[in-house]
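Engineer: Return atomic coordinates for the entry below.
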Amino acid sequence: MRRFDTSTALGIIAGIAALAGGFLWEGGHPGGLVQRTGLLIVFGGTFAAVAVSFPVSQLKKIPEALRTAFYPQSDNVRELIDQMAEFATVARREGVLALEPLIAEHPNEFLREGLQMVVDGTDPQLNRQILEVEIDALEERMEQQAKIFEAAGGYAPTMGIIGTVMGLIHVLSNLSDPGALGPAIAVAFTATLYGVASANVLYLPIASKIRARIAETVKTRELILEGILSIQAGENPWLIRKKLMAFMLMKESDAP
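Structural biologist: Have a look, this model is predicted:
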């Protein structure tokens, strides 16, 4: 199930509000923060640099990356543990074939596919290898999402400096009106503001949030993997529950 992550949106809004509020608090004019040329150079240049850095196949994943950051796939781990304990009970009483109708409509695809391999009689070692490869592939795919925003966070400040230099070139090429120098220089430096602010309020935080999702997803899938193999081994349902609860607590303590 995907739910909107309010902390991501509120964090971005609060960051922008803090920067704008601090500027206005010091007596700045709202119009001083809006400079179309700077916006074009910074955001257009950042997008162009990212487009050059990554293949189209990865750029197409940007909407998925944003969905990961703002609409994460949330699993109730304790509920998953309870369900796997119930599956273990059924498997011990009626055999693993009795699991097939129970898992057919399960919302967690990883759990469903893993238990289906158990039902099909897949060797436990092969089952582990297949599921571990799936976990690694998912982790790599999500890491590529984070790298796109991390790259944007690196390019944006540089694009801001480029915009500022271009603005200063324009200012210095027209010194006939000394009274206009101050406002013109202020406008030029707005590009640097856009670059640094977008990197540290938008791009880099989103990359960090995606990496947090990676850690959470991998932890959940590793727990499911242990549960699947325990069911396949015919372990006691109560012991499976205890082991998975301990596994969950151990992973939470290892989390950064």
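Engineer: From now on I want contacts and neighbour counts done on CA atoms only, so please keep to that.
Structural biologist: Fine.
Engineer: most centrally placed residue in this structure?
Structural biologist: Nearest to the geometric centre of the chain sits residue 210, at 1.6 Å (Cα atoms, centre = their mean).
Engineer: Wait, it touches residue 146, no?
Structural biologist: Yes - if you go by Cα atoms under 8 Å, residue 210 and residue 146 touch, sitting 5.7 Å apart.
Engineer: which residues are common contacts for these two?
Structural biologist: Shared contacts of residue 210 and residue 146 (Cα atoms under 8 Å, 6 or more residues apart in numbering): residue 65.
Engineer: Nearest spatial neighbour of residue 116, chain-adjacent residues omitted?
Structural biologist: Closest residue in space to residue 116, ignoring its immediate chain neighbours: residue 100 at 6.8 Å, by Cα to Cα, 6 or more residues apart in numbering.
Engineer: Over to residue 43?
Structural biologist: Using Cα to Cα, 6+ apart, the closest residue to residue 43 is residue 156 (7.3 Å).
Engineer: quick one: residue 117 and residue 127 touch, right?
Structural biologist: Yes - using Cα under 8 Å, residue 117 is in contact with residue 127, at 7.0 Å.
Engineer: what about the helices in the stretch 151-256 of the chain?
Structural biologist: Along the stretch 151-256 of the chain, the stretches classed as helices by DSSP state H, counting those that start in this stretch are 181-198, 204-232, 237-254.
Engineer: Report the rounded mean pLDDT for the longest one.
Structural biologist: Looking at helix 204-232 alone, the average pLDDT works out to 92.
Engineer: what angle sits between it and helix 237-254?
Structural biologist: In terms of direction (axes from the mean of the first three to the mean of the last three Cα atoms, to 10 degrees), helix 204-232 departs from helix 237-254 by 160 degrees.
Engineer: Just checking the distance from helix 204-232 to the centre of its chain.
Structural biologist: Remark: helix 204-232 is offset 12 Å from the chain centroid, using Cα atoms, centre = their mean, to the nearest Å.
Engineer: how about low-confidence regions in the stretch 51-200 of the chain?
Structural biologist: 175-184 (pLDDT under 70).
Engineer: ok so, going back, so which elements touch the helix or strand that the residue nearest to residue 116 is a member of?
Structural biologist: Using DSSP states H and E, residue 100 maps to helix 100-103. Here helix 100-103 is seen to pack against helix 109-119 when contacts are counted using 3 or more Cα pairs under 8 Å, 6 or more residues apart in numbering; DSSP states H and E.
Engineer: what angle sits between the helix it packs on and helix 204-232?
Structural biologist: 20 degrees.
Engineer: contact partners of helix 109-119?
Structural biologist: Contacts of helix 109-119 (Cα under 8 Å, 6+ apart): 96-97, 99-100, 103-104, 106, 124, 127, 131, 221, 224-225, 228, 232.
Engineer: For residue 203, give its distance to residue 83.
Structural biologist: As for residue 203, its distance to residue 83 is 38 Å (criterion: Cα to Cα, to the nearest Å).
Engineer: Of these two, give the one with the bigger neighbour count.
Structural biologist: Neighbours were counted for residue 203 and for residue 83 using other Cα atoms under 10 Å; residue 203 has more, 21 against 14.
Engineer: Tell me who's in contact with the more buried one.
Structural biologist: Neighbouring residues of residue 203 by Cα under 8 Å, 6+ apart: 149, 150, 152, 153.
Engineer: What subset of these is buried?
Structural biologist: 149, 150, 152, 153 (16 or more other Cα atoms under 10 Å).
Engineer: could I get those as JSON lines with distance to residue 197?
Structural biologist: JSON lines is the format used below for these (distance: Cα to Cα, whole Å):
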{"residue": "149", "distance to residue 197": "14"}
{"residue": "150", "distance to residue 197": "14"}
{"residue": "152", "distance to residue 197": "12"}
{"residue": "153", "distance to residue 197": "10"}
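Engineer: Filter those down to the ones in strands?
Structural biologist: Per DSSP state E, strands hold no members of these.
Engineer: now, among these, which is nearest to residue 47?
Structural biologist: Of all those, residue 152 has the smallest distance to residue 47: 7.4 Å, by Cα to Cα.
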